[in-house]
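> the sequence and its predicted three-dimensional model are supplied below.
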Amino acid sequence: MRRSLRTRSKKRKTIRTPGGKLKLQFRKELPGPRRCRFCGSEIHGISKDRGVAHSERTVGRIYGGEVCHRCLEKSMVTAVASEWLKESSF
């Protein structure tokens, strides 16, 4: 058995082969939903499936697929506000 499979956290299933022997098969783990890097909420519009196209695994905007829309909006507002405060202080 490969070293990477010698753990109890891998899902195992015993199957019977056509020759009548019992063998262990290891199940592929299904990926969970993508989560926001800041708040941890689920990012909507992103596929959880394996083997899908890149366009289905990401969102076409800045930090797409990494940060949820709420956290992105907050960070943009704070960035604009800090720029505005810097300009008005001169």
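Good, I have the coordinates.
> what separates the longest helix along the chain from the chain centre, distance-wise?
Taking DSSP state H as the criterion, the chain has its longest helix at helix 69-88. Shown here is helix 69-88, whose average C-alpha point lies 26 Å from the average C-alpha point of the whole chain (C-alpha atoms, centre = their mean, to the nearest Å).
> what's the burial count for residue 34?
Close neighbours of residue 34, defined as other C-beta atoms under 10 Å, add up to 19. Yep, even glycine has a C-beta here, placed from its N, CA and C like the rest.
> tell me how far it lies from residue 7.
Taking C-beta to C-beta, to the nearest Å as the criterion, residue 34 is separated from residue 7 by 25 Å.
> please apply the same query to residue 31.
Plainly put, residue 31 is 18 Å away from residue 7 if you go by C-beta to C-beta.
> neighbour-wise, which of the two wins?
Remark: of residue 31 and residue 7, residue 31 carries more neighbours, 10 against 7, as counted by other C-beta under 10 Å.
> go ahead and confirm that one touches residue 46.
No. Under the criterion of C-beta atoms under 8 Å, residue 31 lies out of contact with residue 46, with a separation of 10.4 Å.
> which residues are common contacts for these two?
Counting by C-beta atoms under 8 Å, 6 or more residues apart in numbering, no residue touches both residue 31 and residue 46.
> check contacts around the residue nearest to the spatial centre of the chain.
Averaging the C-alpha coordinates of the chain gives a centre point, and the residue nearest to it by C-alpha atoms, centre = their mean is residue 34 (3.2 Å). Counting by C-beta under 8 Å, 6+ apart, residue 34 makes contact with 42-43, 46, 48, 65.
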